[in-house]
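>>> What would the 3D arrangement of this be:
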Amino acid sequence: MALRIDHTVTSGTFSLDGQTFDVDNNAWVVGDEHECVVIDAPHDAAAIHELVGDRRVLAVLCTHAHDDHVRTAPELADAVGAPILLHPDDRVLWDLTHPDRAPDRDLADGQIIEVGGAQLRVLHTPGHAPGAVCVHVPELGVVFTGDTLFAGGPGATGRSFSDFDVIVASIRDRLLPLPEDTEVRPGHGESTTIGAVRGQFDEWVARGY
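Coordinates of the predicted model:
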């Protein structure tokens, strides 16, 4: 059956380094009529579960472990009977939110997750967080970038466990080589394309975005 992307926006908070902010998060579901993968589980497990419907969920895949991206991951995973997948370098952040519940499986750079006849390819893109990943779906011409890349620039790097030079390298080496018409679906806000990012990248780097 045809592969599709379902999407919802959930609202809540992001907390780190003793500060808390109100945020709206994108949550994505990729699959066909029978099975799917959830990408990020922010503030409202019920809203994501509604997108899933009665499909089999193969995984709840976390682009990184900031609390606004994983807050309802255990609740959702238990509800749909799916494993939680996270890059091990982000376990330090995961444990701040879920100290009593470990992720079920590790994500690795280059890992392929098959769903609905398509391949989701994991790209390790540290910088915003040490275990941040993006998920490239060539069949759909889409890359899900979490908080690594937005329409307005790289993800924030002013907090613990983040690094501007590292995120710049991740975007340059892992994302910019993708086809220019690849649609960028981020963890917050509107989508963009790799081609548009290429046109702005040098300016972002020069001003230390």
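
>>> in this protein, which helix has the most residues?
Scanning the chain for the helix with the most residues, using DSSP state H, yields helix 194-206.

>>> Show me which residues of it are buried.
Residues of helix 194-206 classed as buried under the neighbour-count rule (16 or more other C-beta atoms under 10 Å) are Ile194, Val197, Arg198, Phe201, Val205. Heads up, the C-betas are built off the backbone N, CA and C, glycines and all.

>>> now stretch 145-153
Result for stretch 145-153 [16+ other C-beta under 10 Å]: buried residues Thr145, Gly146, Asp147, Thr148, Leu149, Phe150, Gly153.

>>> Straight-line length of it, end to end?
Stretch 145-153 has its terminal residues 12 Å apart, counting by C-alpha to C-alpha, to the nearest Å.

>>> where along this protein do the helices fall?
Under the criterion DSSP H, the chain carries helices at the ranges 45-52, 67-70, 73-80, 91-97, 164-170, 194-206.

>>> avg pLDDT for the longest one?
Going back to what we said before, that points to helix 194-206. Summarised as a single mean, pLDDT over helix 194-206 is 91.

>>> now swap in the first one and tell me
If you average the pLDDT over helix 45-52, you get 98.

>>> can I get the CA coordinates of that helix in CSV?
Coordinates of each C-alpha in helix 45-52 appear next as CSV, following Å, rounded to 0.1, in the frame of the first residue of the first chain:
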residue,chain,number,x,y,z
ALA,A,45,0.6,10.4,23.6
ALA,A,46,-3.1,10.2,22.8
ALA,A,47,-2.8,12.6,19.9
ILE,A,48,-0.1,10.5,18.4
HIS,A,49,-1.9,7.3,19.1
GLU,A,50,-4.9,8.8,17.1
LEU,A,51,-2.6,9.3,14.1
VAL,A,52,-1.4,5.7,14.3
